[in-house]
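**Q** this one's sequence-less:
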Ligand SMILES: O=P(O)(O)OC[C@H](O)CO
């Protein structure tokens, strides 16, 4: 699909189509969430084969997070819809994974609750300031998502106890960055809402 070009007196504004490859990958990530959840449920976190399948689906869905951002920047397909939808798709995927891990007693509920409160709160914050500007994912936000993905994949993949014991440490790092970047976004939102 090609982008249209819109002219206004004195300036030319390129209009990027909302239906583009980058946003399609974001949508694919959302579609993979129930497929991933079904495979975790099939595993009951006890069946090694289903756990591996769940982990691989989770990895593919997470990889779309890297690729959609790269495509959007490389081919000039950055849209406001994409900037808002991308973090929402990430949160749907990691949120589903965290809830399922807690449901199957792999992760304390307070960890899942803390991360979900931050993720849903920041999504709400993005809509609260949307009239003033878009809060795009920051570098810290991307590090946070990468840590969450690594930690979740670690919990999902069946492995010997000595290796599995590393998982909580990765999750602890993810929690710290999740909270710290949450405060950073709050500061950004307050700056955007400040009367000029
Ligand atoms: O920390 P957030 O809410 O900006 O989310 C970051 C995104 O998940 C990165 O793709």
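**A** Here it is on my side, so go on. Bear in mind the structure is a predicted one, so any value in this text is a computation, not a measurement.
**Q** all contacts plus neighbour counts: C-alpha atoms, from now on.
**A** Fine.
**Q** spatially central residue for the protein, please.
**A** residue 90 (1.9 Å; CA atoms, centre = their mean).
**Q** distance of that residue from the ligand?
**A** 5 Å (CA to the nearest ligand atom, to the nearest Å).
**Q** go ahead and confirm that residue touches residue 65.
**A** Yes: the criterion here is CA atoms under 8 Å, and residue 90 meets it with residue 65 at 7.3 Å.
**Q** got any residues that touch both of those two?
**A** Both residue 90 and residue 65 are contacted by residue 29, under the criterion CA atoms under 8 Å, 6 or more residues apart in numbering.
**Q** helices or strands up against the helix or strand hosting residue 142?
**A** Residue 142 is part of helix 139-156 when elements are defined by DSSP states H and E. Helices and strands touching helix 139-156, by 3 or more CA pairs under 8 Å, 6 or more residues apart in numbering; DSSP states H and E, are helix 48-74, helix 80-103, helix 167-193.
**Q** and it, how far out from the chain's middle?
**A** What separates the centre of helix 139-156 from the centre of its chain is 9 Å, taken as CA atoms, centre = their mean, to the nearest Å.
**Q** do the same with stretch 125-140
**A** With CA atoms, centre = their mean, you get 15 Å for stretch 125-140.
**Q** can it be found next to the ligand?
**A** Yes: using CA under 6 Å from any ligand atom, we find that stretch 125-140 touches the ligand at 137-138.
**Q** give me the buried positions along that stretch.
**A** By neighbour count with 16 or more other CA atoms under 10 Å, stretch 125-140 contains the buried residues 125-126, 129-130, 134-135, 140.
**Q** identify the residues contacting it?
**A** 80, 83-84, 87, 177, 181, 185-186, 188-189, 192-193.
**Q** got the residues of the chain near the ligand?
**A** Counting by CA under 6 Å from any ligand atom, the chain sits next to the ligand at 65, 87, 90, 137-138, 141-142, 145.
**Q** take those and lay them out in a markdown table including pLDDT.
**A** Below are those laid out as a markdown table (pLDDT from 0 to 100):
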| residue | pLDDT |
| --- | --- |
| 65 | 87 |
| 87 | 84 |
| 90 | 90 |
| 137 | 83 |
| 138 | 90 |
| 141 | 93 |
| 142 | 89 |
| 145 | 91 |
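**Q** between those residues, which sits nearest residue 121?
**A** residue 87 (12.2 Å; CA to CA).
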